[in-house]
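Undergrad: dropping a prediction and its sequence here:
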Amino acid sequence: IYGSARGKPDPQTHHTTSWLTKLGYQLNSQHKITAFYENREQKQKTEEKSFDSWGTYRFAEDTAPYQRYGIEYDYLADNSSWLDTINVVLAKQKINMQSDTYNVNKYKPNIIDQNYFREFEQTQKMLKAQLFTQPLSIGDQEHVLQAKLEYRDAHLKNSNYDIIYLRDGAHPSAYSIMTPVRSRILALSVQDEIKITPQLQASLGLRYDHYQYQPELDGTNKFPISYDANKKTFGKPSWQLSAQYDLTEQHQLGYKIGTGFRAPKVEELFFEFGKGGANHFMPNTSLKPETALNQEVTYSFVNDLSQFSVGVFHSKYRNFIDERVSEGWEPNPWYNPDSPWGGGPYFSVNQIQFVNVARASISGVEVHGAMNGQLIGLSETLNFNFKGQYSQGRNQDGDGLKSIQPWTILLGAEYEAPSKLWSVDLTARYTAAKKGKDTLETSYSWRGPKQTEWPWLSSSYVVVDLTSQIQLDKDITLNIGVFNLFNRSYSTWDSLRDL
């Protein structure tokens, strides 16, 4: 079945290759230098059977080559009265997200009608530095301090190359759909782990984030920019306070409160596509940073054969960044007042844009547990675990937040050979269906506010994976697995919420 009536996922094949190389030299007992190189390439081929338009079928190949290399320095203090370790990493990385799509003639599959190549290139230079102290006695308390610095200099650009095949030959075009942007990001943080009594521990953390974005008007953008291209700067401090009390050696209670800060992403500020079409992705350089007050209460139990933890969290947001779809009017480029065939002077379009939601909140619960087989009379080589997560979110209009995932449960069983040389894991993940009432969205137009459900909802599904780890040598480990063991067809909420 082809076209919108297909009702099932398009066939896909995935292939991933990755490797990591490290070479270290121990200068002496305190100083070590390590060089590293990481390479990963992901390929995904899709036969887009759900696409059936103008007598063509579509095929797509998506790749995401990733390279990262750099140098790392470690300092381990020998006889320091206060300093423990220093770690510094200097790295450079490059990610090319590429999509090669071609449409073939429905009746002559060996004939390509259109070929579209898209590429987003992300480069980044990064500096990370961390410092940790030994336990320090200050008054009656014991303190462990740490400080972190992170600086990133990043660049994002887009390039596209299209070929349309007509009777008179090929018609190529090269252009960009996004103005290049350079980003400079700085983060500074300090944290103090405090042991107040043998039963009571506390932690206090402070952090400052600074973002700077600079669009580069190089003239390659297919669409004349319709936004303020001046430099954008965001910055704000945040803090976190937590405490944990040991009721007994096995039972602990915890509480955490803190503020959060998220600057708008480059894509949310500057990306624009489809101007003049039925779906217009609009930039929004007026976006404000998202801030939050986060709270969490936890309980945990741990003994030699089992462990269990549950956490309840609640976050209140200001200027929450969310994607909105609204109806708007744009000038009709084909309008001719002397001809009835060009339509009216304006036509209705879907305007898609990231906006600030004045107020929003997210609440949820997470549960995690594990036990050894001996607890229920089985072999100690068996281990069982489970994890569950549920959350819900609403904005000030009562609309659900589309970014909230359906609740999930993960069950797992592991067998580890007595020799410790190999193990087998069986995991099953259940994901609930996305309910229509949780996708209600209020849109605003000249007709007034209108509340609608998202038309594409994900169904519930279970996915089972079987993996194994085999230690061939002390330095060589083989990982093998069969994922989606029963070949279950399913669609994730993430793949449907942005259609």
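TA: Noted; the coordinates are in hand. Numbers count the residues shown, from 1 in each chain.
Undergrad: helices of the stretch 351-499 of the chain, start to end?
TA: In the stretch 351-499 of the chain, the segments counted as helices under DSSP state H, counting those that start in this stretch are 493-496.
Undergrad: from Val181, how far out is Tyr175?
TA: Using CB to CB, to the nearest Å, Tyr175 is found at 17 Å from Val181. Every C-beta, even on glycine, is put in place using the N, C-alpha and C of the backbone.
Undergrad: looking at those two, which one has more neighbours?
TA: Neighbour totals were compared for Tyr175 and Val181, and Val181 leads with 21 against 13 (other CB atoms under 10 Å).
Undergrad: does the more buried one touch Tyr211 like I think?
TA: No. Using CB atoms under 8 Å, Val181 is not in contact with Tyr211, being 11.4 Å away.
Undergrad: quick one, helices of this structure?
TA: Here the chain has its helices, by DSSP state H, at 266-270, 493-496.
Undergrad: residues touching the residue lying closest to Thr21 once chain neighbours are set aside, list them.
TA: Distances taken as CB to CB, 6 or more residues apart in numbering put Tyr37 closest to Thr21, at 4.8 Å, once the chain neighbours are dropped. Taking CB atoms under 8 Å, 6 or more residues apart in numbering as the contact definition, Tyr37 lies against Leu20, Thr21, Gln67, Arg68, Tyr69.
Undergrad: neighbour-wise, which one of the residues you listed leads?
TA: Within those, most neighbours by other CB under 10 Å means Arg68, with 17 neighbours.
Undergrad: who does that one form a beta bridge with?
TA: Beta-bridge partners for Arg68, by DSSP bridges, are Glu38, Gln93.
Undergrad: can you pull the contacts of it?
TA: Phe36, Tyr37, Glu38, Asn39, Ala91, Lys92, Gln93, Lys94.
Undergrad: can you rerun that using 10 Å?
TA: 20, 36-40, 91-95, 124, 126 (CB atoms under 10 Å, 6 or more residues apart in numbering).
Undergrad: kindly state the pLDDT recorded for it?
TA: The model reports Arg68 with a pLDDT of 96.
Undergrad: begin at 889 from now on, thanks
TA: New numbering, starting at 889: the last item is Arg956.
Undergrad: quickly note the distance from it to Lys910.
TA: 12 Å.
Undergrad: shared neighbours, Val1069 and Tyr1099?
TA: Common neighbours of Val1069 and Tyr1099 are listed as Lys1120, Val1154 (criterion: CB under 10 Å, 6+ apart).
Undergrad: how close does the nearest residue to Ser1331 once chain neighbours are set aside get to Lys931?
TA: Nearest non-adjacent residue to Ser1331, counting by CB to CB, 6+ apart: Ser1214, 4.9 Å away. Per CB to CB, Ser1214 is found 36 Å from Lys931.
Undergrad: could you do Asn975 as well?
TA: Taking CB to CB as the measure, Asn975 falls 34 Å from Lys931.
Undergrad: what's the answer for Lys982, then?
TA: Plainly put, Lys982 is 17 Å away from Lys931 if you go by CB to CB.
Undergrad: which residues are common contacts for Arg956 and Lys910?
TA: Jointly contacting Arg956 and Lys910 under the rule CB under 10 Å, 6+ apart are Phe924, Tyr925, Glu926.
Undergrad: using JSON lines, lay out the residues you listed together with pLDDT and distance to Ala1131.
TA: Listed next are the shared contacts of Arg956 and Lys910 as JSON lines, based on pLDDT from 0 to 100; distance: CB to CB, whole Å:
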{"residue": "Phe924", "pLDDT": "96", "distance to Ala1131": "37"}
{"residue": "Tyr925", "pLDDT": "96", "distance to Ala1131": "42"}
{"residue": "Glu926", "pLDDT": "95", "distance to Ala1131": "38"}
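Undergrad: can you list the low-confidence ranges for the stretch 939-1088 of the chain?
TA: By pLDDT under 70, the low-scoring segments of the stretch 939-1088 of the chain are 940-942.
Undergrad: same thing but at 90, please
TA: Applying pLDDT under 90 to the stretch 939-1088 of the chain flags residues 939-947, 952-953, 965-969, 990-1004, 1026-1028, 1046-1048, 1052-1058, 1061-1067.
Undergrad: show me what contacts Leu964?
TA: So Leu964 contacts Asn916, Ser917, Gln918, His919, Lys920, Leu971, Asp972, Thr973, Ile974, Asn975 (CB under 10 Å, 6+ apart).
Undergrad: among the contacts of Arg956, which one lies nearest to Val1351?
TA: The closest of those to Val1351 turns out to be Arg928 (CB to CB; 22.9 Å).
Undergrad: so that closest one is in contact with His903, correct?
TA: No. With contacts counted by CB atoms under 10 Å, Arg928 stays clear of His903, the gap being 11.6 Å.
Undergrad: more neighbours, those two?
TA: Using other CB under 10 Å as the criterion, Arg928 and His903 rank with Arg928 on top: 15 against 10.
Undergrad: any idea how far Ser1047 is from Asn984?
TA: Separation of Ser1047 from Asn984 (CB to CB): 10 Å.
Undergrad: any residues in contact with both of those two?
TA: The contact lists of Ser1047 and Asn984 share Glu1007, Phe1008, Glu1009, where a contact means CB under 10 Å, 6+ apart.
Undergrad: among these, which one lies nearest to Trp1381?
TA: Using CB to CB, Phe1008 is the member of these that lies nearest Trp1381, at 23.6 Å.
Undergrad: what's the neighbour count on that closest one?
TA: Close neighbours of Phe1008, defined as other CB under 10 Å, add up to 18.
Undergrad: with Asp1041 instead?
TA: The burial count assigned to Asp1041 is 15, neighbours taken as other CB under 10 Å.
Undergrad: so it sits against Gln981, correct?
TA: No. Under the criterion of CB under 10 Å, Asp1041 is not in contact with Gln981, lying 11.4 Å apart.
Undergrad: now for the two: what residues contact both?
TA: Shared contacts of Asp1041 and Gln981, defined by CB under 10 Å, 6+ apart, comprise Thr1011, Gln1012, Lys1013, Met1014.
Undergrad: correct me if wrong: the third one contacts Lys980.
TA: Yes. When contacts are counted by CB under 10 Å, Lys1013 is listed as touching Lys980 (5.2 Å).
Undergrad: coming back round to it: dump the shared contacts of Arg956 and Lys910 to a markdown table, plus distance to Thr1173.
TA: Output for the shared contacts of Arg956 and Lys910, formatted as a markdown table (distance: CB to CB, whole Å):
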| residue | distance to Thr1173 |
| --- | --- |
| Phe924 | 37 |
| Tyr925 | 37 |
| Glu926 | 34 |
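Undergrad: now, which of the residues you listed sits nearest Tyr1053?
TA: Nearest to Tyr1053 among the shared contacts of Arg956 and Lys910 is Glu926, at 39.4 Å by CB to CB.
Undergrad: check whether that closest one really touches Thr905, as I assumed.
TA: No. Using CB under 10 Å, Glu926 is not in contact with Thr905; the gap is 12.0 Å.
Undergrad: higher neighbour count, these two?
TA: Remark: of Glu926 and Thr905, Glu926 carries more neighbours, 16 against 10, as counted by other CB under 10 Å.
Undergrad: distance of that one relative to Asp1313?
TA: Counting by CB to CB - Glu926 and Asp1313 are separated by 25 Å.
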